[in-house]
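[1] The sequence and its predicted three-dimensional model are supplied below.
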Amino acid sequence: MADDGMLLNFAISDSVIKPEAKFKGGTWRDRLSAKKRSQHRVKPGDGSNKPHESKNPNKVAIGTRPAKRQRTESGGFEDGGDRERRPRSQQQQSQRDPRHFVSSLFSSNPEPQNAEEPKNEEPIEDAKPTNAPLIDGIDTFTNLGLSPSLAAHLLTKLELKAPTAIQKASISQLLKEESDAFIQAETGSGKTLAYLLPLVQRIMALSKATKEAGVHRDSGLFAIVLAPTRELCKQISVVLENLLRCATWLVAGTVIGGEKKKSEKARLRKGLNILVATPGRLVDHLDNTEALDVSSVRWLVLDEGDRLMDMGFEEELQGIVSKLDARQRPSRVPGVPTRRTTILCSATLKMNVQRLGEISLKDAVHIKADPEDEDEKARNANKDEEDFFRVPAQLKQSYAIVAAKLRLVSLTAYLKRTFIRKGSVMKTIVFVSCADEVDFLFEVLSRKHGERGHKKNDDGDDEDENEESDDVKKEKEKERAELSPHGTIAPGSAFSIPANPVTLHRLHGSLPQHIRTFTLNSFANSKTASVMVCTDVAARGLDLPNVDLVIEYDPAFSADDHTHRIGRTARLGRDGRALIFLQPGCEENYVEILKRGYRDGGKALTRTDATEILKRGFGGTSEHSSKNWEEKATDWQMDVERWALENPQYLEMGRRAFQSHVRAYATHIAAERSMFNIKELHLGHLAKSFALRDRPGKINVPGLRPGKEETKKDFKAGRGATLGKRKAGDDSAASNTDEATREAARKMRAKMKEHMGGGASEFNLA
Ligand SMILES: Nc1ncnc2c1ncn2[C@@H]1O[C@H](COP(=O)(O)OP(=O)(O)OP(=O)(O)O)[C@@H](O)[C@H]1O
């Protein structure tokens, strides 16, 4: 299995790195050469310095380096242009420690395999937005059958003038008929209101049917909305509360965990008409809270259906559906339908959504945006692939083929270039594959270049050792504390300029819930330029305003996840940009997947030149300043490597991040694993983008994040674990560690394997 292969990759045998033999005498260079010879990296007398051909362009085998190092433009040596500038203590450390290896940024990097496609001579017309409200004047909320009071509320209080195409389709369908439904539409097309509006309208109408006191919070629970994460539940509940401001007699509430169950019980006891919940928490209350009476529930919504399944909630969902069936009774409120309507909602149509449909829906109608509402060109292009999921047409995507060694420096350069002018980009999300990488990038990107400060030794002289000084530490802590009490927000010092300061956020599922909420709200409400580095915990459903750019620094675990990630921008007809980092070699084939998301075969998908990113990020825009961009980039990288080397906590962070990243890499879904082949990863080069000089085989950080031991076992067994994901994504479920839950998770894993041949793991969220 690929997973096993990955583990083997970690263990570089002793025959490659032997225990150090002591070399004495001569200069340090002589000693280093002797050491290398003993390690078979330089073969004496072997006249051919020719590197042996590696089949994989990404893989440059250890020992392929030419014996004679070339000078770089900066005048330093390849394999350490930095060497001259390094303090003696580090040079000695590097010599002493056989695990360290300082390689040059710009040597031995594999070239992209696929040549850039010829540029289209004709300018590409900006595509018409496909998820915008219908502004033709014909389609209004009133025309679709919403009550005048609700339509007026939408217009005056929520400033929603016209429905989107999916809202038009779903409102007319769900108001007219009582059949189950599957709503499928692009990201950012307003699916939440597409199911909430008809539902609220129907419940509001019950009040009119009740002549006496009308419907109130004690009249019964009529609707339940289930969503996979607390963040999403909260978001849905805010939209719902806003809608219900025009029907104040109706009461909505949430049960999503993260607070005392007692308070949730009290809320249920007081009475609710609409409940938003995570599946784990709802199951808990169905089993243990007498006050939760579901006999009148007539609408059940399963939002982000594929995610609910991905996260291993099948068993819970099955249980919920059968309990609702079993407990359903005729309602005392006139006008309440006799049968329950179930609505499944998803932006992507995966196998597991179909399975969820089988569990929950009966004779469901498939609701999609009416093709008549699309512009003609899109309609024609779409004819043959009607069911294929599309990204919003106005979203401009690009990809950059960046070699492993250059990843970190390229990300920084791209962010520098993005925020060079105030106001051009407000918010950017950077997606990575694991929590450890989020934490590591957060530290690197919030760091000022050269930030260390010098320590004085006892004689009052500057010490060679450049560990971050107490002053720097204190200043950093103060700055962060001002921005956030939790250490999740910091100035993005590595890439922002004084004229346009950017705030950096970090978010992942291993953070406590209240910190996640705080950080997300802060990013969402930020009125200044902001970047959020996060895992896929923020990929689904979250509606964050003014996200102009999404960077996939690590590609998503599946094309579906990619679609959701980039869907955080270009919402509701607005513009948006997305950039994905791919490595030379097999990853380049992913471009075909990117193209499939477009109706026109991907004309709007462009390649961003990786060298250009560095040139513009480090060299600036003028010809003069751009000259020494290579030197500046090298300087920056070396500075980060030294900082990591000198500060044990950051070094450990880098190592953890590297390890988790490689493990996460092995969890791409089976169908896409040929494009993300762990065996093709050059671990040594990759380590550099984690500021490491360690040899990969020597990177072994003990102690994983809490709860990952289980995953590790699963991983070793070659199974994509969903249990970990669930822990991270919905902590309410984490409390359910009983036998039944484990069994459910085991079954789910088997199912995932069956459906997708392996698949995602906890890395999606944690
Ligand atoms: N008719 C409308 N007019 C203007 N804005 C709208 C309309 N409908 C929804 N919106 C706004 O559009 C944004 C996106 O809506 P929503 O989150 O429901 O999209 P979605 O389709 O569920 O996206 P995703 O698939 O990413 O979850 C929200 O901010 C919402 O307030």
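    Structure received. Numbering: from 1, shown residues only.
[2] Poorly predicted segments of the protein, please.
    1-102, 117-125, 209-213, 349-353, 371-389, 451-469, 620-626, 698-766 (pLDDT under 70).
[3] State the helix or strand in which whichever residue of the stretch 351-500 of the chain sits closest to the ligand lies.
    Per Cβ to the nearest ligand atom, residue 392 is where the stretch 351-500 of the chain lies closest to the ligand, at 9.9 Å. Just so you know, the C-beta spots here come from the backbone N, C-alpha and C atoms, and that holds for glycine as well. Using DSSP states H and E, residue 392 sits within no helix or strand.
[4] mind listing what it touches?
    Residue 392 sits next to 129-131, 186-189, 567, 570-571, 576 when contact means Cβ atoms under 8 Å, 6 or more residues apart in numbering.
[5] Now narrow those to whatever sits close to the ligand.
    Restricting the contacts of residue 392 to those adjacent to the ligand (criterion: Cβ under 6 Å from any ligand atom) gives 187-189, 567, 571.
[6] so which two of the residues you listed are the farthest from each other?
    Farthest pair in these (Cβ to Cβ) is 189 and 567. Separation: 9.2 Å.
[7] Would you mind naming what in this protein lies close to the ligand?
    133, 160, 163-164, 167, 185, 187-193, 347, 541, 543, 567, 571-572.
[8] In helices, which of those residues fall?
    167, 191-193 (DSSP state H).
[9] Dump these to CSV, plus neighbour count.
    Shown next, in CSV, are these (neighbours: other Cβ atoms under 10 Å):
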residue, neighbour count
167, 30
191, 25
192, 23
193, 24
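[10] Farthest-apart pair in these, please.
    Longest span within these, Cβ to Cβ: 167 and 192, 9.7 Å.
[11] what's the domain layout of the chain?
    148-368, 395-452+481-655 (the TED database).
[12] what's the span of the first one from first residue to last?
    So that's domain 148-368. Using Cα to Cα, to the nearest Å, the end-to-end distance of domain 148-368 comes to 25 Å.
[13] do the same with the longest one
    Taking Cα to Cα, the first and last residues of domain 395-452+481-655 lie 35 Å apart.
[14] Return the set of buried residues in stretch 435-450.
    By neighbour count on 16 or more other Cβ atoms under 10 Å, the buried set for stretch 435-450 is 435-447.
[15] Dump it to PDB, restricted to CA.
    Output in PDB follows, covering the C-alpha atoms of stretch 435-450 (Å, rounded to 0.1, in the frame of the first residue of the first chain):
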ATOM      1  CA  ALA A 435      -2.800  21.100  12.000                       C
ATOM      2  CA  ASP A 436       0.900  20.900  12.700                       C
ATOM      3  CA  GLU A 437       1.600  22.600   9.400                       C
ATOM      4  CA  VAL A 438      -0.900  25.400  10.200                       C
ATOM      5  CA  ASP A 439       1.000  26.100  13.500                       C
ATOM      6  CA  PHE A 440       4.400  26.000  11.800                       C
ATOM      7  CA  LEU A 441       3.400  28.400   8.900                       C
ATOM      8  CA  PHE A 442       1.700  30.700  11.400                       C
ATOM      9  CA  GLU A 443       5.100  31.100  13.200                       C
ATOM     10  CA  VAL A 444       7.100  31.500  10.000                       C
ATOM     11  CA  LEU A 445       4.700  34.000   8.400                       C
ATOM     12  CA  SER A 446       4.400  36.100  11.600                       C
ATOM     13  CA  ARG A 447       8.100  36.400  11.900                       C
ATOM     14  CA  LYS A 448      10.100  39.400  10.900                       C
ATOM     15  CA  HIS A 449      13.100  38.800   8.700                       C
ATOM     16  CA  GLY A 450      16.200  38.600  10.800                       C
END
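[16] Residue numbering should commence at 48 henceforth.
    Sure, I'll start counting at 48 from here, so that last one is stretch 482-497.
[17] show me what contacts the one residue in the stretch 298-447 of the chain that gets nearest to the ligand?
    Shortest the stretch 298-447 of the chain-to-the ligand distance, computed as Cβ to the nearest ligand atom: residue-wise this is residue 394, at 4.0 Å. Taking Cβ under 8 Å, 6+ apart, we find residue 394 in contact with 231-234, 238, 351, 436, 610-611, 614.
[18] before we move on, what about residue 655?
    Contacts of residue 655 (Cβ under 8 Å, 6+ apart): 445-447, 626.
[19] gap between residue 268 and the ligand?
    Distance of residue 268 to the ligand, computed by Cβ to the nearest ligand atom, to the nearest Å: 23 Å.
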